[in-house]
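Undergrad: Structure for the following, please:
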Amino acid sequence: MTVSDEILKAFAALATPTIANALDDVAFEGVMQGLTQIIPGSRCVGRAVTIREVTGRRGDFTSEDFKVGQMIDAASPGDIIVIDNGGQCVSTWGGLATLAAKHKGIGGLVADGGVRDREEMLEHKLPVFARHMTPLTGRTRLAITAINEPVACGGVRVRAGDIIVADGSGVCCIPAEHAARVAELAGQYSADDDLAAAELAKGLTFREAMAKFRRI
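TA: Below you'll find the predicted structure:
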């Protein structure tokens, strides 16, 4: 199923901790583990384009197997490229790929593996979340084996079209079939956070706030 632009817009205003609370309510373990925000202050929201890779030693694959261009071609403006490279410390993405993705309007990159060229990424400001920063090239070391098939990223199942939200607290995957409900619940919890903050400013203790607002 395709998640509507209206629901995507709702997620744009929601932080990952609030979304994580709502994911608990729909019983989906959607919080990715071990991924780092590469561009300070960045966040991204979009539909997933999924990539699966395998990694070997230098020379195990050909340069033609390193299909970064096909990754970018598979994504539409606003999409988030999600790479499953099994947590390998080999770069699957660098500065020029970042520039190309930025020009195309791609929303961001989430990689359970390595990326490189931090300085260029900081210059281009495409949101990138990855397990490793490494100078080691993936060319002849890795191969792309599938595009837009289900993958595992940070321990979470991700399918093409699922919603990805990433910010300074982490990365969440929201299954497409639960997106409307998760957005609704997270919106309610975000409103409760605002109410709790207002009451704390008026003298409510944090203990009282925790009792009154159960999901802050």
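Undergrad: use CA for all of it now, contacts and neighbours both
TA: Will do.
Undergrad: all strands of the chain, in order?
TA: Here the chain has its strands, by DSSP state E, at 36-37, 44-55, 80-84, 108-115, 128-133, 142-147, 151-153, 156-158, 163-167, 170-174.
Undergrad: For the closest residue to residue 12 other than its chain neighbours, report the pLDDT, please.
TA: In this structure, residue 12 finds its nearest non-sequential neighbour in residue 45, 6.1 Å apart by C-alpha to C-alpha, 6 or more residues apart in numbering. pLDDT, residue 45: 98.
Undergrad: So what sits opposite residue 45 in the bridge?
TA: Applying DSSP bridges to residue 45 gives these bridge partners: residue 165.
Undergrad: correct me, but it touches residue 8?
TA: Yes. Assessed by C-alpha atoms under 8 Å, residue 45 is found in contact with residue 8 at 7.2 Å.
Undergrad: Quick check: neighbours shared by the two?
TA: residue 163 (C-alpha atoms under 8 Å, 6 or more residues apart in numbering).
Undergrad: quick one: which of these two has more around it?
TA: Between residue 45 and residue 8, residue 45 has the larger neighbour count (other C-alpha atoms under 10 Å), namely 26 against 19.
Undergrad: From residue 70, how far off is the more buried one?
TA: 21 Å (C-alpha to C-alpha, to the nearest Å).
Undergrad: neighbours around residue 39, how many?
TA: Neighbours of residue 39 under the rule other C-alpha under 10 Å: 20.
Undergrad: so it touches residue 128, yeah?
TA: Yes. Residue 39 sits in contact with residue 128 when judged by C-alpha under 8 Å, with a separation of 6.4 Å.
Undergrad: circling back to that earlier point, which ones are touching the residue nearest to residue 12?
TA: 8, 11, 12, 78, 80, 107, 163, 164, 165, 166.
Undergrad: With adjacent residues omitted, what lies nearest to the fourth one?
TA: It stands for residue 78. Residue 78's closest residue in space is residue 107 (C-alpha to C-alpha, 6+ apart), at 4.3 Å.
Undergrad: Show me what counts as buried in stretch 200-214.
TA: Within stretch 200-214, the residues scored as buried using 16 or more other C-alpha atoms under 10 Å are residue 209.
Undergrad: mean confidence for that stretch?
TA: Computed over stretch 200-214, the mean pLDDT rounds to 85.
Undergrad: contacting residues around that stretch?
TA: Residues outside stretch 200-214 that contact it (C-alpha under 8 Å, 6+ apart) are 192, 193, 196, 199, 216.
Undergrad: List just the nearest of those residues to residue 111.
TA: Nearest to residue 111 among the contacts of stretch 200-214: residue 216, at 29.4 Å, using C-alpha to C-alpha.
Undergrad: isn't residue 81 right up against residue 112?
TA: No. Counting by C-alpha under 8 Å, residue 81 sits too far from residue 112 to count as a contact (11.1 Å).
Undergrad: one step back: so what's the residue nearest to residue 78 up against?
TA: Counted by C-alpha under 8 Å, 6+ apart, residue 107 has contacts 44, 45, 46, 77, 78, 79, 80, 126, 127.
Undergrad: what's the spacing between the first one and residue 110?
TA: The one in question is residue 44. Going from residue 44 to residue 110 by C-alpha to C-alpha gives 10 Å.
Undergrad: okay, and the common contacts of those two?
TA: Contacts common to residue 44 and residue 110, judged by C-alpha under 8 Å, 6+ apart, are residue 80.
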